[in-house]
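S.K.: structure for this input, please:
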Amino acid sequence: MQEASDPLKGAELISCAKSIAIHGSEAAAKACGYGDDIAAFEESLDQACEEAGIHIQGLEDLVNRDQVKAMRQREAP
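M.R.: Sure thing, here's the model as predicted:
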């Protein structure tokens, strides 16, 4: 996990956010080095995605079907 003083940027941020997106903005912000500053995380993610030519409306756009499937399997009784 990244320190809040050294948040990820660019492609590293996108990769980190994508890997934990299914757990929500709070978890992704912490994992990517933004601590509790969700607004700064979302702003940096929007900027990184824009620079990479990736169009998202929110973190949930980075969740892929495999993550959803895995989450459902873990939650199943």
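S.K.: dump the residue contacts of the residue lying closest to I56 once chain neighbours are set aside.
M.R.: Excluding the flanking residues, the one nearest I56 by C-beta to C-beta, 6 or more residues apart in numbering is C49, at 5.2 Å. Where you see a C-beta, it was placed from the backbone N, CA and C, and this is true even at glycine. With contact taken as C-beta atoms under 8 Å, 6 or more residues apart in numbering, C49 is in contact with 14, 55-56.
S.K.: what distance do you get for C49 to A28?
M.R.: In this structure, C49 and A28 are 13 Å apart, going by C-beta to C-beta, to the nearest Å.
S.K.: and the residue nearest to E42 when sequence neighbours are not counted, how many neighbours?
M.R.: Excluding the flanking residues, the one nearest E42 by C-beta to C-beta, 6+ apart is S25, at 6.6 Å. When neighbours are counted by other C-beta atoms under 10 Å, S25 registers 19.
S.K.: got the contact list for S25?
M.R.: Counting by C-beta under 8 Å, 6+ apart, S25 makes contact with 38, 41-42, 59.
S.K.: quick check: it vs Q47, distance?
M.R.: As judged by C-beta to C-beta, S25 and Q47 stand 16 Å apart.
S.K.: so what's the residue count around A40?
M.R.: 15.
S.K.: could you look up the SS state of it?
M.R.: What DSSP: H, G, I helix; E, B strand; the rest coil gives for A40 is helix.
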